[in-house]
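Novice: 3D model of this:
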Amino acid sequence: MHCVLGVVLVGILGLGGETLLSPAIHRVGLALALVVGVISLGLGMKRHGRLGPMVIGGAGLALMATALAVGHGVAETVLTVIGVSLVAIAHVRNLHSRACC
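Specialist: I've put the predicted structure just below:
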């Protein structure tokens, strides 16, 4: 449930940022996603003890943090999309390992 709601919330924040022409909405949403991601990554590592998803998710979070540091534009978009994708891959790998084992 949290996965679906997270995607919907991020989508709404992204749409709102473009509609209102305010990059601040995207930055706040990305910063909140980073906080949730760091907490979730720590809890997932503690629960599952798998290094692979932690490395992938950590790389994704690093790219998302870098997206906050660069100015609003193409670089920010590319870093955000790749970072979020890596976090999603790590999440799926954790879910898959839990289902299989």
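Novice: Just checking, which helix or strand of the protein averages the lowest pLDDT?
Specialist: helix 2-19 (a mean of 61; mean pLDDT, DSSP states H and E).
Novice: so after that one, what's the next helix or strand?
Specialist: Reading on from helix 2-19 to the C-terminus, the next helix or strand found by DSSP states H and E is helix 23-48.
Novice: next SSE after that next one?
Specialist: helix 51-69.
Novice: which SSE is the residue nearest the centre of the chain in?
Specialist: Compute the mean C-alpha point of the chain, and by CA atoms, centre = their mean the closest residue is V84, 3.9 Å away. Assigned by DSSP H and E, V84 belongs to helix 74-100.
Novice: What is the burial count for H26?
Specialist: Here the number of neighbours of H26 (other CB atoms under 10 Å) works out to 21. Where C-beta positions appear, they are placed from N, C-alpha and C, glycine not excepted.
Novice: Relative to L43, how far out is it?
Specialist: 26 Å (CB to CB, to the nearest Å).
Novice: pLDDT below threshold where in this protein?
Specialist: Counting by pLDDT under 70, the low-confidence segments of the chain come to 1-7, 9-22, 97-101.
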